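Novice: Here's a sequence, model it:
(2 chains)
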There are 2 protein chains.
Amino acid sequence: MSLLTTEPDAGPDGEEPPDNGERHRLTAVTGLAALSLDAMASVAYGPEAIVVVLAAAGTHGLGFTLPVTLAIAALLAVLVVSYRQVIAAFPDGGGSYAVAKKHLGARTSLVAAASLVLDYVLNVAVAVTAGVAALTSAFPSLYGDRVWLCLAALALVTCVNLRGIAESARAFIVPTAIFVGFMFVLIGVGLLRTHPASTQAAAGHALVLADNASQVGALLLLKAFASGCAALTGVEAIANAVPSFRAPRARRAQRAEVALGAVLGLMLIGLSVLIGRFHLQPVEGVTVLAQLADASLGHNAAFYVIQFATMILLALSANTSFGGLPVLLKLLARDNYLPHVFALKADRQVHRHGVLTLAVVSAALLVFSGGDTNTLVPLFAIGVFVGFTIAQVGMVRHWCLAKDAGWRGRVLLNGCGALLTGVAAVVVTASKFTEGAWLIVIALPVLMATFETVHRAYGRIGECLGLGRIPAPPHRERSLVIVPVSSLSRLTSEALTAAASLGDEVRAVTVSHPDPEDRAALHTLERRWAQWDPGVELVRLSCARRSLGRPIAAYVREVAAAEPGSRITVLIAETEPEHLWQRLLHNQRGAVVAHSVRRETDAAICRLRFRLV
Amino acid sequence: MSLLTTEPDAGPDGEEPPDNGERHRLTAVTGLAALSLDAMASVAYGPEAIVVVLAAAGTHGLGFTLPVTLAIAALLAVLVVSYRQVIAAFPDGGGSYAVAKKHLGARTSLVAAASLVLDYVLNVAVAVTAGVAALTSAFPSLYGDRVWLCLAALALVTCVNLRGIAESARAFIVPTAIFVGFMFVLIGVGLLRTHPASTQAAAGHALVLADNASQVGALLLLKAFASGCAALTGVEAIANAVPSFRAPRARRAQRAEVALGAVLGLMLIGLSVLIGRFHLQPVEGVTVLAQLADASLGHNAAFYVIQFATMILLALSANTSFGGLPVLLKLLARDNYLPHVFALKADRQVHRHGVLTLAVVSAALLVFSGGDTNTLVPLFAIGVFVGFTIAQVGMVRHWCLAKDAGWRGRVLLNGCGALLTGVAAVVVTASKFTEGAWLIVIALPVLMATFETVHRAYGRIGECLGLGRIPAPPHRERSLVIVPVSSLSRLTSEALTAAASLGDEVRAVTVSHPDPEDRAALHTLERRWAQWDPGVELVRLSCARRSLGRPIAAYVREVAAAEPGSRITVLIAETEPEHLWQRLLHNQRGAVVAHSVRRETDAAICRLRFRLV
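Specialist: Numbers count the residues shown, from 1 in each chain, chains lettered A, B, ... in the order given. Next up, the predicted model:
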């Protein structure tokens, strides 16, 4: 699958200088390699998803692997042609969100956005579990710890992303090319054999074949088809990234899209032919792809190399979610559907929140699925198909409005695609409802409701702020600065200097409590204050309770009520120690006072740091 | 044990009004009940600690339970008399920290302080494990889950303390009285019997008796003595809390101290007589106290009531640490040995940090000990004895300096106490070194080093701040206010009004990035700014990187260098939404800018909140 939108300026760490040069842009060939990683990676779990469903009807059922794959390849062809049209119609790069926003209204675009968000999350979970399955197929002794391995792989990808790598689609060219190369070698060599070179990998593992081989019904085939369609995730990536291509953009992107379809289709068909030829059966703990590598190339170094290549490709595929989700969230935030913090540039902290949230939700899914790819793939497929369907329906609308030459044919094509993917979405949801699909059925509307609530709240805030209107002109008001004081030092002097510079009037306040120790301290302070004579009144606030911030906040409120024309600022001076660890020595009085004043008054809070050197 | 110092004004949540009335103070009788909880609770694990050590020498060894207990009772007598003297000498309440600080110098007082900190932590762990042992003695099926039960009990006590209960020594009177009452009934009824009423509780549990009963050597007796001394923890509580008594304070406190010694001594001796009479042997999973209740009162309701009473008393005893540790930390912070935040009044947040830290460290100890009281008791005893020894040595010094009538006898008494408790500390440390005492041997100096490092750092900070000297007088400087702006709204108008009131000069700055979308936004802003014409220059800061805070911080540094006589304030205006959840909608630009300005410049930061209504 591919959800990666490679905007030319979308480095998540905000460090990447902009580049408008054509030189760095993609040709059809490099574009194919750079943007097909997710689609190619889905070969690792797509055929398996078909085989596992058909295994419910025993060996007889497995015979339908090739026909089902051919049907999927046909859908792939429809999707590719349809996305060629999307590229032509949305040369600025249009995901299903963009298409739906333009042609199907805000609400439908939110369905598309919500399903994309779910896809990004599930993509991480699916890619990690499938990658670990490739590893445990090579090293069966690790199978028992697969959930831990998944969590470790997720932790690794998360850490890499927390460091804020400047990720580039270009970095994916080499691993994708190597993986695809290996797949074609595997298929080519396999087609030359009549018998498997080795069945060692699957030996000793439990078959997941049904004992009471039932009839192969239409429903089973439909389920197999729907599950297998998970292999199609990723064909939309090129259409999303048209701006990354070298001019003529649309033409090159279209060529890359067709090539992607051809390569993916050939791989799927080739693999399913081999599955039939070698009479492979799904076993627990060894992936179908691992069995194919075993059967075609033998249980030798090549087998292990393919497992590793698969694992690495899937890890990179998980990684694309970490790059892609922030871009989507930014688009949603710009349209006021998510907190604006997601659209904020240059905040590494915020990026971290996104990465960690994605990691935690994915980890929950990994644990929920027990590290099993085949539990997650159908959930993943639902979101992807919802997106496909919406994009296709949007395109139907597009052609109906445009009515240019040949529009009827195009409507037919996109309509057909919409129908097929829509049916697939419904079938997967219905057949897997109790096995986890309910999660998607709940999460989708919850996400949409969140988007709409946020949108409404921003609307109200914008109204309050008078956005879009010229505001009242600023004016000068009398400024009164209140300085909380607890002892007398150079810091106090510095604070009063700052206050005198900012305010027309300055008042120092100190809070006293009735216990003897405190009374003595107050007495000392007052005596030394008189001695110092800074020309500023020291107001004593008595407080029976052991409270510091509240009496100051109460005083601020009192002054504000007494002098309605004044603008009140509370100036809090703190030391900034030389060494970082000495921050622990701060008494936090400043924080306590700031907290109370902020919560209980409308005064501005000015914090001054006095550097100790 | 008791580490609780009941200062009259020490409510940890800062809500308790001060009370100087005599009416609420303690008499000898209520003082005994209120302050002896920890000492009484140690009856639940003290005798057990002796029996477990002696069991190493088989039934023959167990015969020495009474002699060892008598030796401990003798030490108790010495301690009580010695603490009567401490009360007379330190009528303001002197823990070992206070005595050491006055008579033995700063470094020794830090040893006392560090050992007190360790005691508070170990007190929680010991009380919780002993409380759970009382429960599992009554319900043996829970024994396997004892670590989880301990953690659950700890979580409960922690939650109660996080809520900030206003704890009062007075609340302990009733449970303490009930527990002591039950103990005397148990002892009285037991002395009337010649044979145990029931041995049901211990039936079916594994003996922890050594098979190859070795000779009873002096070392074993010393170890039993040292372990059993854990029963003495808590006799210092009354001496620490003299100010809580009604006048004549010292006299009443002394009476309460003697009464405490008498009650505790009688209970210990009574229980050990019963242990000998009923030939009790330590078994795994049932406490010695539970066996005694069984033997004396029978396996009926009384048995279960005693187990529950013991458990509740121990839980309250764990609770006292949560009240007492903050008081000690406050004293240390006031003497600059710990961050001042511990001395801060009225910060519930800080109190929470202390509670949570105590809970986490105690939980680690619970897991480390596997929920076994007898692993923790010796560790606990070390710290307690170090404190006893220091207090006694300090008293020796006190009498030597005072040289009032009869000082030689007092020196002899305190010296004798110091020797006995010092020997006990060394014996426990040596004999349990590999079983966990190393932890104390490491933690004690680490804590001391921490105290000293903090003390030195505060010394340097005080030097920098010119503490104790009259600082330079404050003066007025030219004030320049910089206002970051990203769009035009009522918030901008509000910000410029505030800035005009605070500054002699105001400059608005906006950061622009080179991507097209941003450029368009900047153009709109500049056009509307010109239209608005607020009389404030709008400075455009171009930044090739996607950064917001850094260009503003760089500009502030630049202005500061160009105008060294000006005081620069960065004014950040933000909206304060109506509903709390809408805080999530903040774009965090303010936080990002404040963070950069704070880290990279010396400018003051003024934050203004504009309430949306």
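Novice: where are the low-confidence patches of the stretch 151-300 of chain A?
Specialist: Along the stretch 151-300 of chain A, the model assigns pLDDT under 70 to residues A:163-171, A:207-215.
Novice: let's see it at 90
Specialist: A:152-180, A:191-253, A:276-289, A:291-300 (pLDDT under 90).
Novice: Repeat that for the stretch 351-500 of chain A.
Specialist: Checking the stretch 351-500 of chain A against pLDDT under 90 turns up A:351-359, A:365-388, A:390-392, A:394-441, A:457-458, A:460-472, A:486-487.
Novice: mind redoing it with 70?
Specialist: The low-confidence ranges in the stretch 351-500 of chain A, as defined by pLDDT under 70, are A:351-352.
Novice: Show me what from it comes close to chain B.
Specialist: With CB under 8 Å from any CB of the partner chain as the criterion, the stretch 351-500 of chain A meets chain B at residues A:454, A:457-458, A:460-461, A:464-467, A:470-479, A:487-493, A:496-500. For the C-beta atoms, the positions are set from N, CA and C on the backbone; glycine is no exception.
Novice: per the record, what domains does chain A have?
Specialist: Chain A breaks down into these domains under automatic domain parsing: A:22-458, A:478-611.
Novice: Out of these, which is the most enclosed?
Specialist: domain A:22-458 (a mean of 21; mean count of other CB atoms under 10 Å in any protein chain shown).
Novice: Check the offset of that one from the chain's centre.
Specialist: Taking the mean of its C-alpha atoms, domain A:22-458 sits 15 Å from the chain's own mean (CA atoms, centre = their mean, to the nearest Å).
Novice: Residue A:354 against residue A:330, yeah?
Specialist: No. Contact between residue A:354 and residue A:330 fails when scored by CB atoms under 8 Å: they sit 9.8 Å apart.
Novice: So residue A:337, which state does it fall into?
Specialist: coil (DSSP: H, G, I helix; E, B strand; the rest coil).
Novice: Dihedrals phi and psi, residue A:536?
Specialist: Backbone torsions for residue A:536, taken as degrees, to the nearest 10, come to phi -130, psi 130.
Novice: now the one 10 residues further on
Specialist: Main-chain dihedrals, residue A:546, degrees, to the nearest 10: phi -80, psi 80.
Novice: do residue A:514 as well
Specialist: According to degrees, to the nearest 10, residue A:514 has phi -80, psi 0.
Novice: next one: residue A:510
Specialist: phi -130, psi 140.
Novice: I'd like the distance between it and residue B:490.
Specialist: Going from residue A:510 to residue B:490 by CB to CB, to the nearest Å gives 36 Å.
Novice: what about the strands in the stretch 1-150 of chain A?
Specialist: Here the stretch 1-150 of chain A has no strands by DSSP state E, counting those that start in this stretch.
Novice: shaky segments in it?
Specialist: In the stretch 1-150 of chain A (pLDDT under 70), the answer is A:1-24, A:93-94.
Novice: try 50
Specialist: The model of the stretch 1-150 of chain A has pLDDT under 50 over residues A:1-21.
Novice: Counting residues, what is the longest strand that chain A contains?
Specialist: Counting by DSSP state E, the longest strand found in chain A is strand A:566-576.
Novice: Contact partners for residue A:63?
Specialist: residue A:276 (CB atoms under 8 Å, 6 or more residues apart in numbering or on different chains).
Novice: before we move on, what about the one 5 residues further on?
Specialist: With contacts defined as CB under 8 Å, 6+ apart, the neighbours of residue A:68 are A:50, A:54, A:221, A:224, A:225, A:228, A:272.
Novice: Who are the contact partners of the residue of chain A most remote from its centre?
Specialist: No residue in chain A sits farther from the centre than residue A:531, which is 62.1 Å out by CA atoms, centre = their mean. Residues near residue A:531 by CB under 8 Å, 6+ apart: residue B:470.
Novice: The helix or strand where it lies - what's its average pLDDT?
Specialist: Residue A:531 is located in helix A:516-532, with elements delineated by DSSP states H and E. Helix A:516-532 shows an average pLDDT of 88 in the prediction.
Novice: circling back to that earlier point, and for the helix or strand just after the longest strand of chain A, what are the contacting residues?
Specialist: Note on strand A:566-576: by DSSP H and E, the next helix or strand toward the C-terminus is helix A:589-600. For helix A:589-600, contacts defined as CB under 8 Å, 6+ apart pick out A:484, A:486, A:548-550, A:552-554, A:556-557, A:570, A:572-574, A:603, A:605, A:607, B:344, B:346-347, B:349, B:609.
Novice: Which ones among those residues map onto strands?
Specialist: Going by DSSP E, the strands hold A:484, A:570, A:572, A:573, A:574, A:605, A:607, B:609 from the contacts of helix A:589-600.
Novice: Between these, which sits nearest residue B:25?
Specialist: Of all these, residue B:25 sits closest to residue A:484, with 34.8 Å by CB to CB.
Novice: can I assume the closest one is in contact with residue A:507?
Specialist: No. Look at residue A:484 against residue A:507 with CB under 8 Å: they stay out of range, at 10.1 Å.
Novice: quick one: contacts for the spatially closest residue to residue A:125 that is not a sequence neighbour?
Specialist: Nearest non-adjacent residue to residue A:125, counting by CB to CB, 6 or more residues apart in numbering or on different chains: residue A:365, 4.1 Å away. Shown in contact with residue A:365 (CB under 8 Å, 6+ apart): A:121, A:122, A:125, A:376.
Novice: And the second one, how far from residue A:434?
Specialist: Using CB to CB, one gets 18 Å for the distance from residue A:122 to residue A:434.
Novice: same thing with the first one?
Specialist: Distance from residue A:121 to residue A:434, counting by CB to CB: 21 Å.
Novice: Centre-most residue in chain A?
Specialist: residue A:325 (3.0 Å).
Novice: ok, now how distant is the nearest residue to residue A:78 once chain neighbours are set aside from residue A:396?
Specialist: The spatially closest residue to residue A:78, leaving aside those adjacent along the chain, is residue A:417, at 4.6 Å (CB to CB, 6+ apart). Taking CB to CB as the measure, residue A:417 and residue A:396 are separated by 9 Å.
Novice: what's the answer for residue A:560, then?
Specialist: From residue A:560 over to residue A:396 (counting by CB to CB), the distance is 61 Å.
Novice: Assign a three-state SS to residue A:413, would you?
Specialist: Per three-state DSSP, residue A:413 ends up helix.
Novice: That one contacts residue A:80, correct?
Specialist: No. Counting by CB under 8 Å, residue A:413 sits too far from residue A:80 to count as a contact (10.7 Å).
Novice: tell me the contacts of residue A:577?
Specialist: Contacts of residue A:577 by CB under 8 Å, 6+ apart are A:583, A:585, A:586, A:612, B:457, B:461.
Novice: do that again at 7 Å, thanks
Specialist: A:583, A:585, A:612, B:461 (CB atoms under 7 Å, 6 or more residues apart in numbering or on different chains).
Novice: Same check on residue A:549?
Specialist: A:592, A:593, A:595, A:596, A:597.
Novice: Quick one, grab the pLDDT at the closest residue in space to it that isn't next to it in sequence.
Specialist: Spatial nearest neighbour of residue A:549, chain neighbours left out: residue A:596 (2.7 Å); criterion: CB to CB, 6+ apart. What the model reports for residue A:596 is a pLDDT of 90.
Novice: Can you measure across stretch A:292-304, start residue to end residue?
Specialist: From its first residue to its last, stretch A:292-304 covers 12 Å (CA to CA, to the nearest Å).
Novice: show me the residues around residue A:228 that make contact.
Specialist: A:46, A:49, A:50, A:68, A:69, A:72.
Novice: Also residue A:510?
Specialist: For residue A:510, the contact set (CB under 7 Å, 6+ apart) comprises A:485, A:486, A:522, A:525, A:538, A:540, A:541.
Novice: Looking at these, which one is closest to residue A:320?
Specialist: residue A:486 (54.1 Å).
Novice: Distance-wise, check residue A:605 relative to chain B.
Specialist: 5 Å (CB to the nearest CB, to the nearest Å).
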